[in-house]
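Q: sequence first, then the predicted structure, then my questions.
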Amino acid sequence: MVFQFKLPDIGEGVVEGEIVKWLVTDGESVREDQPLVEVMTDKATVEIPSPVAGKVAKRHGQEGTTISVGAVLVEIETGNGTPRAQSKTIEREALSPGRPPRHEMDVLATPAVRRLARERGVDLTKVKGTGTGGRITMEDLGQYQPEPETGEAARPAVGSGEREETVAYRGLRRKIGERMSTSKTTAAHYTYVEEVDVTELTRVRSIYNEMSGGRLTYLPFIVKAVIEGLRKYPLLNSSLDEENEVIRVKRYLNIGIATATPDGLIVPVIKDADQKSMLELAKEIARLSEAAKEGKIKVEDLKDGTFTITSLGTLGGLMATPIINYPEVAILGLHKITPRPVVRDNQVVIREIMNVSISLDHRVVDGAVAAQFIAHVRTYLENPGLLALGSL
């Protein structure tokens, strides 16, 4: 018999996944629990194992195709007998004869979602809504991808004599693009830039590393300072729920750390960062960074962030305007620490200066609040001894 294996629920809230890489071919014999395919969901890639042994009869979807949870993923010839799971085949849903197509005005969506859909030329009747009652949210719109074209014309190849090449836009690269596009077209971005004198922080860090023989980075200090800033200005630790017309201020502090990996940028999250000591933060940052770069990051380590920090300091540059990790409302960018001449007590002296830039959603956070937040964080970074004393 032919067993139709459906894409299983592979995580809380996941409604679809992108086929990143097939690990089997049509006609190939597979054993029970053998990995069939790599599927990406919300920036994490997981291997989907076969629930049965048999021969692959048909794979559904090319690499780069998005498939919904519950849709047929692969058909497997199992011979006689009943598979241990999903013994019933899936029948394709079809409209009743003569049933009119769904009209766009029948779709549940806010005016903002409809406006953005018109700008992008997206037919909302083809977008699956995950909000209340099937309402289409901004995130649904950002994740929507039209059905890919089929045939050779959809996959241009590169000949040896051509002067350009094509690179597949799928997997993590496409997820990054979708999220950045959603953020830029949804949040009312603006960026505030400030200089921070980290001379004393540099000295304290160096002393600790010399005495302990460790390699404590600047990041745990910065996370601690950000935590104090968020405690005083909690509006930056929120998200905007347009559907219910409320701003959701989070009482927990989950700090995301943007991390470059060989495949692209991901944002591991330090859960309950305010409950951790400086050294605990350092260990957690190191753990998440290593797991991310080795491709071993877990889905739960990428969820529920409330504020993100991104750093380009090791690569140089005066400043950047980071894109908000939507649906968060703020992201802090860190830049290279350099010795610069500054005036202190009417004297020109050389100090270690770091530029910081924070991008915010103006729908939620006004410029004055952003300036006050950065001033508070700056106080802690310029006087790192205060981090041991708690909130001001």
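A: Cool, got the structure. Numbering: from 1, shown residues only.

Q: now do the strands in the stretch 1-150 of the chain.
A: Residue ranges of the strands in the stretch 1-150 of the chain, as given by DSSP state E, counting those that start in this stretch, are 2-6, 16-22, 29-30, 35-41, 44-49, 54-59, 66-68, 72-77.

Q: I'd like to know which of the ones you listed lies nearest to Arg231.
A: Across the strands of the stretch 1-150 of the chain, Arg231 has its closest neighbour in strand 44-49 (29.9 Å, Cβ to Cβ). C-beta coordinates here come from the backbone N, C-alpha and C atoms, glycine included.

Q: which parts of that closest one are buried?
A: Residues of strand 44-49 classed as buried by neighbour count (16 or more other Cβ atoms under 10 Å): Ala44, Thr45, Val46, Ile48, Pro49.

Q: mean pLDDT and distance to Phe221 for the strands of the stretch 1-150 of the chain - can I get that in CSV?
A: Formatted as CSV, the strands of the stretch 1-150 of the chain follow (pLDDT from 0 to 100; distance: least, Cβ to Cβ, whole Å):
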stretch, mean pLDDT, distance to Phe221
strand 2-6, 91, 48
strand 16-22, 86, 37
strand 29-30, 92, 51
strand 35-41, 85, 34
strand 44-49, 79, 29
strand 54-59, 93, 50
strand 66-68, 86, 41
strand 72-77, 92, 46
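
Q: Glu228 is nearest to which of the ones you listed?
A: That would be strand 44-49 among the strands of the stretch 1-150 of the chain, by Cβ to Cβ, at 30.7 Å.

Q: mind listing what that closest one pairs with, with the direction of each?
A: With DSSP bridges as the test, strand 44-49 is paired with strand 35-41 (antiparallel).

Q: would you mark the buried spots in the partner strand?
A: Quick answer for strand 35-41 (16+ other Cβ under 10 Å): Leu36, Val37, Glu38, Val39, Met40, Thr41.

Q: then stretch 285-301?
A: So, applying 16+ other Cβ under 10 Å, buried residues of stretch 285-301: Ile285, Leu288, Ser289, Ala291, Ala292, Ile297, Val299, Asp301.

Q: just to revisit the earlier point, so can I have TSV of the buried residues of strand 44-49 showing distance to Glu245?
A: Shown next, in TSV, are the buried residues of strand 44-49 (distance: Cβ to Cβ, whole Å):
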residue	distance to Glu245
Ala44	31
Thr45	36
Val46	36
Ile48	39
Pro49	43
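
Q: next one: stretch 219-226 to chain centre, how far?
A: How far stretch 219-226 lies from its chain's middle: 21 Å, per Cα atoms, centre = their mean, to the nearest Å.

Q: neighbours around Leu108, how many?
A: Neighbourhood size, Leu108 [other Cβ atoms under 10 Å]: 15.

Q: how near is it to Arg179?
A: Per Cβ to Cβ, to the nearest Å, Leu108 is found 23 Å from Arg179.

Q: and Lys271, by the same measure?
A: Relative to Arg179, Lys271 is positioned 20 Å away (criterion: Cβ to Cβ).

Q: for Thr308, list the residues it contacts.
A: Contact analysis of Thr308 by Cβ atoms under 8 Å, 6 or more residues apart in numbering lists Ile255, Gly256, Ile257, Ala258, Val267, Ile324, Asn325, Glu328, Ala330, Ile331, Leu332.

Q: you'd agree Ala117 is up against Leu141?
A: Yes. Using Cβ atoms under 8 Å, Ala117 makes contact with Leu141 at a distance of 6.0 Å.

Q: out of those two, which sits in the busier spot?
A: More crowded of Ala117 and Leu141, by other Cβ under 10 Å: Leu141, with 24 against 19.

Q: ok, that one touching Gly121?
A: No. If you go by Cβ under 8 Å, Leu141 and Gly121 don't touch, sitting 11.8 Å apart.

Q: ranges for the strands of the stretch 151-300 of the chain?
A: With DSSP E, counting those that start in this stretch applied, the stretch 151-300 of the chain shows strands at 189-197, 238-241, 246-249, 255-257, 259-261, 264-266, 269-270, listed in chain order.

Q: of all the buried residues of stretch 285-301, which comes closest to Leu216?
A: Ile285 (10.2 Å).

Q: so that closest one makes contact with Phe221?
A: No. Using Cβ under 8 Å as the test, Ile285 is too far from Phe221 to be in contact (11.2 Å).

Q: kindly state the beta-bridge partners for the closest residue to Val193 other than its chain neighbours.
A: Once flanking residues are discounted, Val193 sits nearest to Ser357: 4.6 Å by Cβ to Cβ, 6 or more residues apart in numbering. Here Ser357 sits in beta bridges with Val193, Gly333, as judged by DSSP bridges.

Q: distance of Ser357 relative to Val223?
A: Counting by Cβ to Cβ - Ser357 and Val223 are separated by 17 Å.

Q: compare the two (neighbour count), which wins?
A: Val223 (24 against 21).

Q: go ahead and confirm that one touches Gly256.
A: No. Assessed by Cβ under 8 Å, Val223 is found out of contact with Gly256, at 10.4 Å.

Q: overlap of the contact sets of the two?
A: Both Val223 and Gly256 are contacted by Ile270, Ile309, under the criterion Cβ under 8 Å, 6+ apart.
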